[in-house]
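Asks: generate coordinates for the sequence data below:
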Amino acid sequence: MPKTKKIPLRKCTGCGEMKPKKELIRVLHTPEDTVIIDKTGKKNGRGAYLCDSSECFEKARKSHGLERSLGVTFSAELYEELSKEMTQ
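Replies: Below you'll find the predicted structure:
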């Protein structure tokens, strides 16, 4: 009887839904105090996850979900940078 592989689930900070880790985008607070989008999902630092949709990004922005998850205060410029990176 073959074993079934466990799929890691993460919660989106925008909509609050649990989804497979590979379907979500990881926003990372690095030890150097920068906030970036981690495309590999393996860089060091504290991570928060978002769905790949503009609605979830806006919900997380309004509720300050990313700021709470990462423990950082975001500026308006940082939100603009993240939204540009997400659309690419």
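Asks: all helices for the protein, in order.
Replies: Read by DSSP state H, the chain holds these helices, from start to end of the chain: 54-63, 65-70, 76-87.
Asks: for the longest one, C-alpha coordinates in PDB please.
Replies: Taking Å, rounded to 0.1, in the frame of the first residue of the first chain, the C-alpha atoms of helix 76-87 are listed here in PDB:
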ATOM      1  CA  ALA A  76       2.800  53.300   1.200                       C
ATOM      2  CA  GLU A  77       5.900  53.000  -1.000                       C
ATOM      3  CA  LEU A  78       6.500  49.400   0.200                       C
ATOM      4  CA  TYR A  79       2.900  48.500  -0.600                       C
ATOM      5  CA  GLU A  80       3.300  50.000  -4.100                       C
ATOM      6  CA  GLU A  81       6.500  48.000  -4.700                       C
ATOM      7  CA  LEU A  82       4.800  44.700  -3.600                       C
ATOM      8  CA  SER A  83       1.900  45.300  -5.800                       C
ATOM      9  CA  LYS A  84       4.200  45.900  -8.800                       C
ATOM     10  CA  GLU A  85       6.100  42.700  -8.000                       C
ATOM     11  CA  MET A  86       2.900  40.700  -7.700                       C
ATOM     12  CA  THR A  87       1.600  41.800 -11.100                       C
END
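Asks: now it: buried residues?
Replies: Neighbour-count burial for helix 76-87 flags Y79, L82, M86 (criterion: 16 or more other Cβ atoms under 10 Å). C-beta coordinates here come from the backbone N, C-alpha and C atoms, glycine included.
Asks: pipe these into a markdown table and attach distance to C12 per row.
Replies: Formatted as a markdown table, those follow (distance: Cβ to Cβ, whole Å):
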| residue | distance to C12 |
| --- | --- |
| Y79 | 17 |
| L82 | 15 |
| M86 | 13 |
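Asks: in terms of mean pLDDT, which of the helices of the chain ranks lowest?
Replies: The minimum mean pLDDT among these belongs to helix 76-87 (a mean of 86).
Asks: thanks a lot, see you next time.
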